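>>> Here's a sequence, model it:
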Amino acid sequence: MAPVAGRARARPAGGAGLTATAACGALDAHLAALLAARGEANREFFSEEAERLARVCHLMAERFARSGRLIALGAGPAAASDARHVAVEFVHPVIVGKSALPALAITGGAGALAGGVELLAGERDIVIAFLDGAGHARETARAVARARERGCLTIAFAGVGAEWEFEVPGEDEHLRQELVETLYHLLWELVHVFFDHRGLLAGRDARPLHDAGASSFLYPFLAEHERELAPVLEDVRRSVLMKATEIGQLRAQTLNDNREPLEGAARALYASFQGGGTLLALGNGGSATDAMDVVADFRAVGGEGRAWPAIDLAADPGIITAIANDVGTDAIFSRQVIAYGRPGDALLALSTSGNSRNVIDALAHARRRGLLTIAMVGYDGGRIAAGALADHVVVTRSEHIPRIQEAQASAYHALRELVGLLAQTGARA
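Here you go, the predicted model:
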């Protein structure tokens, strides 16, 4: 697979900075480049890895069928957001009729991952390891090695010694993370396929898919038994390719249709930062882990050579549970906006539905307090888009929650890069 181009690193043309018109053209070009890189990488990566993904889904299903757990590891800030995202998706499935599966995340600094594996991982378990640009490769490799010693099935998205490694090539950390998010969503979605084929899971008895009865001589396939793994693996492989095509199209819709709100949000957020503002980010469930990622990305030094102040409103379980218990879940974010938000700050809200009451309440309080408001929503935009409840609304038009979250990751990564580009070029916001 050919390497994917890294992030654009534009430089100021002279000391005065770009005019508004020139800055708009630069943002347009950068968005187009981001989308082109993602389309190519998405096609090539999943075309190459679809068969291996299908096999890993089968192996994971066998572990879950034997009461195994999924343990996700992430030491760096972005890696920790992915580890927590995996855990919430498996424990709280959003696919109707699919069962919850045991999963937990181990995050932290030196010694936390290996120590957690030592205490919690068993021979039936699955360990999935994430690595980000913050480093921690040695710590992650030690944890993976310990997991293998204990008999765990090990999966990783970097070269850390796991049995199954899926490495996205290239230098663009944002792009790599987006493809990894799609990949672990596919593992979560497609592992359930094998639970419908008991005979393909070690330790479980096969059963006829149908009782053909007296018609068996006419329709022998009706009495097929669950012993043929290859056809199911092929079905899952094709499903991987189909879903990869779907997310490629949805990323294109999100970045193309929302060019103006994304660029407007970037200019407004850059102006907020220039004025000493701070970005607040929030979301529920998987969107909460995406808010973690947003904050990690803005706090990290980007191509412009600096980091930006950001606060994750979903980060502190003590604050969230105190507000939820004493006031109600609708107030878990708005109370924090009241506590932390100052005029000139910005709020980025993530919601797959656009209808979450605690998100809507937070946006309303943010506006009343003079904050810039940005919302990234799915479906048709929900109440947030219909009521223009944020200054800039990015709509990802899908009803499939995993795909919405993956496309929203492209959108907030684009937002981070556009802010960085404005800073690099010295644009007048």
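>>> the strands in this protein, which residues?
70-74, 103-107, 126-130, 153-156, 164-165, 279-282, 310-312, 346-351, 372-377, 392-395 (DSSP state E).
>>> With mean neighbour count, mean pLDDT and distance to Asn358 as added columns, please give the ones you listed in a markdown table.
Glycine gets a C-beta too; all of them are placed from N, C-alpha and C. Below are the strands of the chain laid out as a markdown table (neighbours: other CB atoms under 10 Å; pLDDT from 0 to 100; distance: least, CB to CB, whole Å):
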| stretch | mean neighbour count | mean pLDDT | distance to Asn358 |
| --- | --- | --- | --- |
| strand 70-74 | 29 | 97 | 25 |
| strand 103-107 | 21 | 97 | 22 |
| strand 126-130 | 29 | 97 | 28 |
| strand 153-156 | 24 | 98 | 33 |
| strand 164-165 | 16 | 98 | 38 |
| strand 279-282 | 28 | 98 | 8 |
| strand 310-312 | 21 | 98 | 15 |
| strand 346-351 | 29 | 98 | 9 |
| strand 372-377 | 27 | 98 | 13 |
| strand 392-395 | 24 | 98 | 17 |
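>>> Of all those strands, which one is nearest Asp290?
For the strands of the chain, the distance to Asp290 is smallest for strand 346-351, at 5.2 Å, taking CB to CB.
>>> Tell me what angle that closest one forms with strand 372-377.
10 degrees (axes from the mean of the first three to the mean of the last three CA atoms, to 10 degrees).
>>> got a list of contacts for strand 346-351?
With CB atoms under 8 Å, 6 or more residues apart in numbering as the test, strand 346-351 has contacts from 268-269, 272, 277-284, 287, 290-291, 294, 337, 341, 359, 362-363, 366, 371-378, 382, 384, 390, 408, 412, 415.
>>> Narrow these to just the buried residues.
268-269, 272, 277-284, 287, 290-291, 294, 337, 341, 359, 362-363, 366, 371-378, 382, 384, 390, 408, 412, 415 (16 or more other CB atoms under 10 Å).
>>> what's the closest of the strands of the chain to Leu262?
strand 392-395 (6.1 Å).
>>> any weak-confidence spans in this protein?
1-22, 96, 134, 198-200, 202-227, 427-429 (pLDDT under 70).
>>> and the helix ranked longest in it with strand 126-130, angle?
Using DSSP state H to define each element, the chain has its longest helix at helix 20-65. Calculated by the same axes, to 10 degrees, helix 20-65 forms an angle of 160 degrees with strand 126-130.
>>> What helices and strands are in contact with helix 20-65?
Here helix 20-65 touches strand 126-130, strand 153-156, strand 164-165, helix 173-195, helix 229-257, helix 259-274, helix 401-425, going by 3 or more CB pairs under 8 Å, 6 or more residues apart in numbering; DSSP states H and E.
>>> could the strands of the chain go into a markdown table alongside distance to His197?
Output for these, formatted as a markdown table (distance: least, CB to CB, whole Å):
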| stretch | distance to His197 |
| --- | --- |
| strand 70-74 | 20 |
| strand 103-107 | 22 |
| strand 126-130 | 19 |
| strand 153-156 | 19 |
| strand 164-165 | 21 |
| strand 279-282 | 40 |
| strand 310-312 | 40 |
| strand 346-351 | 35 |
| strand 372-377 | 37 |
| strand 392-395 | 38 |
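>>> which one of the ones you listed lies closest to Val56?
strand 164-165 (5.3 Å).
>>> From the contact counts, what lies against that closest one?
Using 3+ CB pairs under 8 Å, 6+ apart, strand 164-165 sits against helix 20-65, strand 153-156.
>>> Name the strands paired with the shortest one and say parallel or antiparallel.
For strand 153-156, sheet partners with direction are given as strand 126-130 (parallel), strand 164-165 (parallel), following DSSP bridges.
>>> and those as JSON lines, adding distance to Glu304?
Putting the strands paired with strand 153-156 into JSON lines (distance: least, CB to CB, whole Å) gives the following:
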{"stretch": "strand 126-130", "distance to Glu304": "25"}
{"stretch": "strand 164-165", "distance to Glu304": "32"}
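>>> Tell me which of the ones you listed sits nearest to Arg306.
strand 126-130 (25.2 Å).
>>> and that closest one, C-alpha only, in CSV?
The C-alpha trace of strand 126-130 is given here as CSV (Å, rounded to 0.1, in the frame of the first residue of the first chain):
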residue,chain,number,x,y,z
ILE,A,126,-8.8,-10.5,24.0
VAL,A,127,-6.4,-7.6,24.4
ILE,A,128,-6.5,-4.8,21.8
ALA,A,129,-3.8,-2.2,22.0
PHE,A,130,-3.7,1.4,20.6
